[in-house]
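S.K.: predicted structure and sequence below. I'll ask about it afterward.
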Amino acid sequence: QVQLVESGGGLVQPGGSLRLSCTSSEFTLNDGAIGWFRQAPGKEREGVSCIRVSGGSTTYIDSVKGRFTISRDKVKNTVYLQMNSLKPEDTAIYYCAIRQFTPLCSPYVEQYDMWGQGTQVTVSS
């Protein structure tokens, strides 16, 4: 079974930055779409950003546009989420997920095939 592993979360002050990583040791991230989602306490999981692996087009939710950047390193088989100007409302568990059989990004949780275990991001002074 494909396993995705996230890393890079932590505690950061408002205005700070973090870079999240998503990689797989069993699967080459050459096709499909990779999404970053987040889930805050008491809230539903929401799509934050997505990248089409082939082609590289990206999407973002409005609340992170201009602050977050999703990218892919083919050599390292890793997808990144660079998060700048972090705000307390960005606090959540962040997950990466893959749509293996389609290159189309989607904001819907149920349309992703595999998920990582999540990494905690806490923005607080």
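M.R.: Yep, that arrived. Numbering: from 1, shown residues only.
S.K.: from here on, just use CA atoms for contacts and neighbour counts.
M.R.: Noted.
S.K.: neighbouring strands for the helix-or-strand element of the chain with minimal mean pLDDT, and are they parallel or not?
M.R.: Counting by mean pLDDT, DSSP states H and E, the chain has its least confident helix or strand at strand 114-115, which shows a mean of 92. Listed by DSSP bridges, the sheet partners of strand 114-115 and their directions read strand 92-99 (antiparallel).
S.K.: for this protein, which spans come out with low pLDDT?
M.R.: Within the chain, the segments meeting pLDDT under 70 span 1-2.
S.K.: that one: strands as residue ranges?
M.R.: Defined through DSSP state E, the strands belonging to the chain, from first to last, are 5-7, 10-12, 18-23, 33-39, 46-52, 58-60, 68-73, 78-83, 92-99, 114-115, 119-123.
S.K.: got the angle between the fifth one and strand 78-83?
M.R.: Using axes from the mean of the first three to the mean of the last three Cα atoms, to 10 degrees, one finds that strand 46-52 and strand 78-83 are set 130 degrees apart in direction.
S.K.: what's strand 46-52 packed up against?
M.R.: When contacts are defined as 3 or more Cα pairs under 8 Å, 6 or more residues apart in numbering; DSSP states H and E, strand 46-52 packs onto strand 33-39, strand 58-60, strand 68-73.
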